[in-house]
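Peer 1: fold the following and give me the result.
(chains A and B)
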Amino acid sequence: MPSPRFPIPQGTLDMLILQILSLEPAHGYGMAQRLEQISRSVVQVNQGSLYPALHRLQQKGWLRAEWKQSETGREAKFYSLTAAGRRQLAIEKDSWARLSDAVNLIFEEGSR
Amino acid sequence: MIQLFNWFRRGPLERDFDRELQYHFDRRVADLTAAGIPEPDARRRVAVELGISQVREEVRDVWLTRWLRDSLYDFRYSARSFLRSPGFTAATLLSLALGIGATTAIYSLVDQVILHALPVRDPARLVLVDWKGDHVTGGFGSWNLMSYPICRDLQQQTRFFDGVLCRAEIQVNLSAGGDPTPVAAEIVSGSYFPVLGVGPALGRVIEEADDAAPGAAPVVVLSNEYWQAKFGGAADVVGRTVLINQHPMTVIGVAAASFHGVDVGAVPALWIPASMYAEAIPGSADLLRAPDRWLQILARLRPDLTPAHAQAGLQPWFKGWLQDNMRRPGFPAITADRRRRYLASSLELTSAPQGHSALRRSLSQPLWFLFAATGVLLGLACLNVAGLFLARGSARGREIGTRLALGASRGRIGRQLLADSVLLALAGGVLGLAVAPLAIRALIAFLPRDGAATGLRGSLSPSLLAFTFLASLTAGLLSGIAPALHAGGASLIGSLRERAGTAFGGVRLRKCIVTLQVAFSLILVIGAALFVRTLTGLLAKGPGFQTSGILTFAIAPVQNGYSREAAARLVRRLDQEVRALPATRNSAAARFGFLTGGSWSDPITIQADRRIVTGDVNLNAVSPGFFSTLGVRILAGRDFDARDSRPPGERGHRSVIVNEAFVKRYLAGRDPLGIPIAKGSGPDVKADTVIVGVCSTFNYRGLRDDSEQAFFPMFEGDDAGATFYIDVRGAPEQAIPSIRQIVRQADPRLPILWFRTLDDQVNRSVSTERLLAVLSGSFGALALLLSLIGIYGVMSFVVARRTREIGIRLALGATGGSAIRLVLRDAVAMIVAGMAIALPCVAVLGRLVQSQLFGVTATDPATIATAALVLAAGALTAAFIPAWRASNVSPTDALRLE
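Peer 2: Numbering: from 1, shown residues only, chains lettered A, B, ... in the order given. Have a look, this model is predicted:
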């Protein structure tokens, strides 16, 4: 079954997670939904793969987690950015911008 | 590090993650059912979407890297399986612990005596400055002796050195209120502490100003140990006055706690500036100006120089210095030939981060041997464990086959087996460490007590811990590698097809292991036999004089404020009073003690039909009756008597007795009696002392030494001290109190330096040989035991595997004897192969140990044959037990096994 959505590029998931959490703390399910909304269902994120990424980022000290009451009243594990996480997000945004500029430049060069 | 921590809280982590996933799952299911999908379908869909078990594994990998997690599981699994088979575990653990413990204990001594750098500033830049060539001038002390003036002159060579120090080990009598006691001290130049970069723990250390002029500073610095032991660590010790050889001196400080001087073997109680040489070394010459050699020189190289560079650079200056030194007062008159050799001397600089140590000189070779022996022993233990693992591996063949069939990779299984042996070896290392301090202390107890080994510690140091860890890890990997490779290579189908109990073999591998074990243990057993024969040979030969029933004690009155004349009077008085004791059968005194390792030596000029100048001859002065007391035969002429003693004040010797070796070497074919000789080698020496007797040759410095000796009469008014030899009736120990009483009555404040039986003195003189014999003997015995166990194990295994075959043979009419032969043939092949490997190694290694042996060559055929015979007999016995079992196999039972 060919999917109309393309799978998320390697390594960008971490950046997206950091971006989402920079707006407000969220739990895993919330993040999965937000990813779907933000990417307007263009990018396909395997819901499960979110969790290894979250734990990895937490181990690196970019995220912190705590159990809080969620909107349904049940306790959920909420992740939020640490100061180090914020710095990391800035770095990744910057390098992403430079990468996409470079790629665009090459494409324009080719199409001229 | 965080990851390892995660291992210990993996329970909470798992629960937390389960809860997190559950929330996601429930929310998703709720959303889907709200969208109209029936709940069972929704649950299935979410489970697929999430890929729960996959995600869980991935998250676990985040917590703890996969291989680390697997290894930890392997170790846990290993530990559990070890606990299930305590017999196997105990056997392997014990052999590894023995190997690791022995290696650790010997390494501790190697580290302390040979490798350990001094706890001073930048020890790597320290060099020992020594003299290569003929130094002409006399000296006293241990080795690498230099004069004080050359140290001073070297200090001017700032192009090469950042500082030069000199030091000598001496013994002084110290009294701090109570009776004087002899203590070890270091007499040092003012540059000693600054150059080493050692500071005080209290007060100050000796400085350049303290060594500015003779008698400049009557001060001492205490060592931290002595301060703690004798002054209870009192803070007001600085400024107190103590008596050194009855001269008052002020304590100016306590040296830093970690510093024990530059000699690892001798811990000084105190340091005293060289300017106080007259007080510290009574009766000495003008040591600060004379060319006499009595100190070692250490220097700190400039950072950019190597010892070789500095050595080459110093040479031109040293040429000039040699000329100047000849004009120094006290420089002996020498022949032109001798002068040529003297002027050809050079300085030699060797790196000395470990300082200078007489103990290291005598002990480093034996210690390296023992270290190598423990290495071989550890190797043997590893081989044994490898053999046991192979045996266990075959018992576990089905388990391993099943795991392989279920998809485990061979690497994974091999790693599991490696985890087994590494865990075991680490546990063995811990066990070995637990007994190591005891073993080290036992080793130190082998060394002579007085002074020599006081600086050695039985405690564990970080470097020792690191060594043990590395040794254990290596042992674990070595003993695990064969079984692991073997498991990796076994055929899966074969192992599943076989029945439990017989399983896959590794017989060939095990035979190789046993062959190696035989080789290793033969090497150790031969080494042990050589060292034991050396010790027993030395003891059986003895020193060449009577030792049983003889007491010996020593005094040094000049170190207690006596003049030489007064000291001589005291020695003579004590000699007479001891002789008069009812328990005394015979008694005599000598200026220097025998079998202590040291001697007084000088060349001798003989005026026979032509003038002969000898090499160094060992000299001593003895009282009349000395030779008869020790049972030394007078071969020609006579013993000393009252005629030979001169009245106090009159100088020079009147008569001399030489030993047989002296006559053989220098006076062969002549009648020695009446020939005039004299001490010294210069052209101005007048041979005016007449040989009155020849005694049989006996040992002076130690049991190995058969040197030329000459004896002058004692009681000539210049005896600084004496060692007494008393032949007593009855048990020697019973006479000690009455002799002590005589000394106390003569001078209650005079300490006795040592008091022991001559047998004890002989035993002390062979302490190194004893260390080698006892340790190599125990290592050899252990090695033998390990290899016998190895042979027994592999032969039992072979018999078990071939039970059916043997049963069939027996059923077909073979005799029990042929079954025994069948099995023994294997064993003999292994033993012969092992010996074939060992013997060439012995021939090579033998050359290295030859210098430590006595009365036996390293390739002595009788010794090697005996050792090989013992090993072969033991090994055949070990193999015979399973062979005999094979011959008793009942054919029906064997066939029923099918």
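
Peer 1: A helix includes B:L619, no?
Peer 2: No - read with DSSP: H, G, I helix; E, B strand; the rest coil, B:L619 is strand and lies in no helix.

Peer 1: what's the nearest residue to it if we skip its chain neighbours?
Peer 2: B:W600 (4.8 Å; Cβ to Cβ, 6 or more residues apart in numbering or on different chains). C-beta coordinates here come from the backbone N, C-alpha and C atoms, glycine included.

Peer 1: so which bits of stretch B:726-743 are buried?
Peer 2: B:I726, B:D727, B:V728, B:P732, B:A735, B:I736, B:I739, B:V743 (16 or more other Cβ atoms under 10 Å in any protein chain shown).

Peer 1: sort those residues by pLDDT and name the bottom one.
Peer 2: The lowest pLDDT within the buried residues of stretch B:726-743 belongs to B:P732, with 85.

Peer 1: show me the contacts for that residue.
Peer 2: Listed by Cβ atoms under 8 Å, 6 or more residues apart in numbering or on different chains, the contact partners of B:P732 are B:G549, B:I550, B:L551, B:T757.

Peer 1: let's see 7 Å
Peer 2: Taking Cβ atoms under 7 Å, 6 or more residues apart in numbering or on different chains, we find B:P732 in contact with B:G549, B:L551, B:T757.

Peer 1: gap between the last one and chain A?
Peer 2: Between B:T757 and chain A the distance is 72 Å, computed by Cβ to the nearest Cβ, to the nearest Å.

Peer 1: what are the phi and psi values for that residue?
Peer 2: phi -80, psi 160 (degrees, to the nearest 10).

Peer 1: how many residues are close by B:R701?
Peer 2: By the criterion of other Cβ atoms under 10 Å in any protein chain shown, B:R701 has 16 neighbours.

Peer 1: quick one: pLDDT of the closest residue to it other than its chain neighbours?
Peer 2: Nearest non-adjacent residue to B:R701, counting by Cβ to Cβ, 6+ apart: B:S599, 5.1 Å away. Model confidence at B:S599, given as pLDDT, is 78.

Peer 1: quick one: residues contacting the residue nearest the centre of chain A.
Peer 2: For chain A, the residue nearest the mean C-alpha position is A:L16 (1.9 Å; Cα atoms, centre = their mean). Neighbouring residues of A:L16 by Cβ under 7 Å, 6+ apart: A:L35.

Peer 1: try B:W143
Peer 2: Counting by Cβ under 7 Å, 6+ apart, B:W143 touches B:A358, B:R361.

Peer 1: just the closest residue of the stretch 251-400 of chain B to chain A, please.
Peer 2: B:I400 (32.3 Å; Cβ to the nearest Cβ).

Peer 1: what packs against the longest helix along chain A?
Peer 2: Counting by DSSP state H, the longest helix found in chain A is helix A:83-111. If contacts are counted by 3 or more Cβ pairs under 7 Å, 6 or more residues apart in numbering or on different chains; DSSP states H and E, helix A:83-111 sits against helix A:12-23.

Peer 1: average pLDDT for the next helix or strand along the chain from the helix it packs on, rounded please.
Peer 2: Next helix or strand after helix A:12-23 toward the C-terminus (DSSP states H and E): strand A:26-27. For strand A:26-27, mean pLDDT rounds to 90.
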